[in-house]
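> Here is the input, now give the coordinates:
(one chain, ligands or ions: 1)
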Amino acid sequence: MADYEAVIGLETHIQLNTKSKIFCSCKADSWDDEPNSNICPVCTGLPGVLPVTNKAVVEKAVLLAAAMHADIPRESFFDRKNYFYPDLPKGYQISQFDRSLAKGGYLDVPMTAGEFRHVRIHKLHIEEDAGKTVHEGERRLLDFNRCGVPLIEMVTEPDLRSADEAAQYLIRLRQLLRWLDVSEADMEKGHLRADANVSIRLRGTKQLNTKTEIKNVNSIEAVRAAIAMEIARQTDAYEGGERIEAWTLNWDDTHQSLHKMRSKETEADYRYFREPDLLSVQIDDDWKEKILRELPELPLIRRTRFMEDYQLPEYDADILTSERTLSEYFETAVRAYAGDAKRVSNWVMNDVLRLINESGTAANSLRLTPVFLAEIIKLVDNSTLNSSTGKALLEKVEQSGKSPAEIVKGEGLAQVSDADAIRDLVQAVLAENPDEVIKFKEGNQQLMGWFVGQAMGKSRGQADPKLVSQMLRALLSD
Ligand SMILES: [Zn+2]
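Reported below is the predicted structural model:
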């Protein structure tokens, strides 16, 4: 079989997490609300009303555009995209066409072994969402809550080369959207929607062949599965001498299969023209500067910096920068600890992440603050606590909100490392278990671990296990 490569572009719709809709003051997020409860004459397109642009939508879009390294022109325009559909009461959608909020841009997506896939952005603009049509048997139910919800449409160039690369792009985009706090980016809730354009060609050739479009994929795993399936289908078709047609395919998640929908409309069908009811979007230098002051260090840049500044493995840097609050937590803890950053990383990845997962809170809401974490690690370093008591102390700090020092003092947790006390403890264990002592002396060396366990139990975990086993060895060899 000939060697093919896939050529994939992704079209994403991102629901911004503003309080109100894009052109009226209705509540934007209706996930928990009754159908048709967040609507008004503006978003349902009644005659005689005028839309007003929500400033927060423009600000969030500018933030994302800057993070995607796009150019942001001083002026952009809204256009009407005309089509008829029951869930679009106005008969048109307010979008942006030729003079959109941003131009160009890219996202460098980390792949395996330190490589990056440079994914260029073809289009980035703001628009309003349409309503929702729900099919219930023969009936069609319309929910207009989603009409006027602010979206960013962002389309990549066909720069992705496999189903896995497409999935990685979405994973990094979702990370960025949450990092910037512009969207909840929850695919299951439709905050982040992705359609994929897929074609294949002989590896080494440059031409773009006829592509198909996959719609209705609502998880990253589904995107990966649907694209892989479509690449396989097109490869079989080429090998069998068939022509690929420009189908639109619908992903059926329940059956994990693709179905042909309809032949695709072209942009001309939408009869775009300038929106006469809205002013252009003007972003002067002062406003832009004010917005960009909120632009944080980007996740992939922070990831690289963690590897360089703290000598962390890529694996650690990746996890620690998966969320902005977690990365900030880590850096504050490293500063407070003032020692080996990898040691802090281990504690954060093993123990702090478990606390975060169990409590369902963000890193910056933990009662175990990064400074408290650093204190606990230091108590283990200087043998005041053994490591299992240290881990138990994390939980106690999180539950009580008290400082580690206060709890250690209040509960007498400090590790017993006094040689006389340990000798008494070990002697007591040996005296209570004469049969085991005989067996050990007859050659059952495995009992050593059992003796250590008995002594640790007797000390309620507070004895220094290293000293216990030294003392046991000394006394048992007498
Ligand atoms: Zn409204």
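
> where's residue 245 relative to residue 208, distance?
15 Å (C-beta to C-beta, to the nearest Å). No exception for glycine: its C-beta is placed from N, CA and C like everyone else's.

> cool, and residue 424?
With C-beta to C-beta as the criterion, residue 424 and residue 208 are 81 Å apart.

> what does the protein put close to the ion?
24, 26, 40, 42, 43 (C-beta under 5 Å from the ion).

> Next up, the contacts around the spatially most central residue of the chain.
Taking C-alpha atoms, centre = their mean as the criterion, residue 175 is the residue nearest the geometric centre of the chain, at 3.8 Å. Counting by C-beta atoms under 8 Å, 6 or more residues apart in numbering, residue 175 touches 299, 322, 323.

> What residue in the stretch 301-450 of the chain comes nearest to the ion?
Going by C-beta to the ion, the ion is nearest to residue 362 of the stretch 301-450 of the chain, at 31.0 Å.

> List the contacts of that residue.
With C-beta under 8 Å, 6+ apart, residue 362 has these contacts: 323, 325, 326, 356.

> Residue 363 now?
323, 325, 326, 328, 329, 352, 356.

> Okay, and which of those map to helices?
Counted as lying in helices by DSSP state H, out of the contacts of residue 363, are 325, 326, 328, 329, 356.

> and the residues you listed, which two are the farthest apart?
328 and 356 (13.1 Å; C-beta to C-beta).

> Give me the more crowded residue out of those two.
Shown here are residue 328 and residue 356; by other C-beta atoms under 10 Å, residue 356 has more neighbours (21 against 16).

> The more buried one and residue 250, how far apart?
37 Å.

> Check residue 402 too.
Relative to residue 250, and taking C-beta to C-beta, residue 402 is found at 56 Å.

> Please apply the same query to residue 453.
From residue 453 over to residue 250 (counting by C-beta to C-beta), the distance is 60 Å.

> A helix includes residue 332, no?
Yes. According to DSSP: H, G, I helix; E, B strand; the rest coil, residue 332 belongs to a helix.

> Could you pull up the residues touching it?
369, 370, 371.

> wait, is residue 24 part of a strand?
No. Applying three-state DSSP, one finds residue 24 to be coil, outside a strand.

> which residues does it contact?
40, 42, 43, 51, 52, 148.

> For it, which non-adjacent residue is closest in space?
The shortest distance from residue 24 to any non-neighbouring residue, by C-beta to C-beta, 6 or more residues apart in numbering, is to residue 42 (3.7 Å).

> repeat for residue 152
Residue 152 sits nearest to residue 14 (C-beta to C-beta, 6+ apart), 4.4 Å away.

> And residue 195, by the same measure?
residue 11 (4.5 Å).

> One more: residue 273?
residue 80 (5.7 Å).

> One more: residue 328?
residue 364 (6.8 Å).

> And for residue 395?
Here the residue nearest residue 395, using C-beta to C-beta, 6+ apart, is residue 355, at 7.4 Å.

> What ranges in this structure fall below the confidence cut-off?
262-268, 415-417, 478 (pLDDT under 70).

> One more pass at 80, please.
1, 113-114, 262-268, 412-421, 460-462, 478 (pLDDT under 80).

> show me what contacts the closest residue to the ion within the stretch 101-250 of the chain?
Going by C-beta to the ion, the ion is nearest to residue 148 of the stretch 101-250 of the chain, at 5.4 Å. Counting by C-beta under 8 Å, 6+ apart, residue 148 touches 21, 22, 23, 24, 26, 42, 43, 128, 129.

> All good on my end, thank you.
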